[in-house]
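1. Structure for this input, please:
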Amino acid sequence: MAQEVTLPLGRLQLQGTLTVPDGARGLVLFAHGSGSSRFSPRNRFVAEELNHQRLGTLLFDLLTREEEMRDAWTAELRFDIQLLAERLVAAADWCEGIFNLGFGLFGSSTGAAAALVAAACRPDAVRAVVSRGGRSDLAGEDLPFVRAPTLLIVGGDDEPVLALNRAALRQLEVNAEIKIIPGATHLFEEPGALEEVAELAGQWFIEHLTQVPRHVMPH
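-> Numbers count the residues shown, from 1 in each chain. Just a heads-up that it's a prediction; the model follows:
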């Protein structure tokens, strides 16, 4: 079911992997974390689990190959949340022109901040956000403008990120929850941890992507 696609974002072309199961109940766009790509094994695992639940997925590179090479040396672009969010918004707009499905965003690390900023920019299109070990705090002043129900998943032993997510949760003015996976660290490498992430994410997306959306008034 998976196919490689090219997303034409202005003068840029970004590569992605799109999977849309028969009878898809929604489409989830993935925003990977610092120094990662669409080949992130953890995100691909979660995406495959969502596919089993009849949710479509799009994993795509937020940076071009040249930008990735530069970022490997400077690490400057991975923390440019506005740039990453703009690319995510453009990808969502591209998908919206093709698929008549509810859209969700799944972000990890800095990609979670980009997902929240993108959700604030597209309140009518984005129906749900899930963060995995995300730096949701980096969404900053955009947090109060998020209208999509948001689930923050954090490892219980990832104490610095847990504190940052709790602070971000207080700034969200929407249906938002934090789920702590006991004993899990930042990359959820412990046995069963990533499976629990996938289960929680699937439940959240199915609940919110299959609902008839309310009309969202401009904030």
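2. Quick one: list the elements packing against the helix or strand harbouring Glu196.
-> For Glu196, the host element (DSSP states H and E) is helix 193-209. Counting contacts by 3 or more C-beta pairs under 8 Å, 6 or more residues apart in numbering; DSSP states H and E, the secondary-structure elements packed against helix 193-209 are strand 27-31, helix 41-52, strand 103-108, strand 126-132, strand 150-155, strand 176-181. Where C-beta positions appear, they are placed from N, C-alpha and C, glycine not excepted.
3. Mean neighbour count for those - can I get that in JSON lines?
-> Supplementary listing: the helices and strands packed on helix 193-209 in JSON lines, determined by neighbours: other C-beta atoms under 10 Å:
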{"stretch": "strand 27-31", "mean neighbour count": "28"}
{"stretch": "helix 41-52", "mean neighbour count": "19"}
{"stretch": "strand 103-108", "mean neighbour count": "29"}
{"stretch": "strand 126-132", "mean neighbour count": "29"}
{"stretch": "strand 150-155", "mean neighbour count": "25"}
{"stretch": "strand 176-181", "mean neighbour count": "17"}
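4. Let me have these in a markdown table, extended by mean pLDDT and distance to Leu59.
-> As requested, those are arranged in a markdown table below (pLDDT from 0 to 100; distance: least, C-beta to C-beta, whole Å):
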| stretch | mean pLDDT | distance to Leu59 |
| --- | --- | --- |
| strand 27-31 | 95 | 5 |
| helix 41-52 | 93 | 6 |
| strand 103-108 | 96 | 9 |
| strand 126-132 | 97 | 13 |
| strand 150-155 | 98 | 18 |
| strand 176-181 | 97 | 22 |
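5. So for Val89, which of these sits nearest?
-> With C-beta to C-beta, the closest approach to Val89 among those belongs to strand 126-132: 9.1 Å.
6. which helices and strands does that closest one pack with?
-> Here strand 126-132 is seen to pack against strand 103-108, helix 110-121, strand 150-155, helix 193-209 when contacts are counted using 3+ C-beta pairs under 8 Å, 6+ apart.
7. what does the first one rub up against?
-> The one in question is strand 103-108. Strand 103-108 has contacts (C-beta atoms under 8 Å, 6 or more residues apart in numbering) with 26-33, 36, 40, 42-43, 46, 55, 88, 92, 95-96, 113-116, 118-119, 125-134, 148, 201, 205, 208-209.
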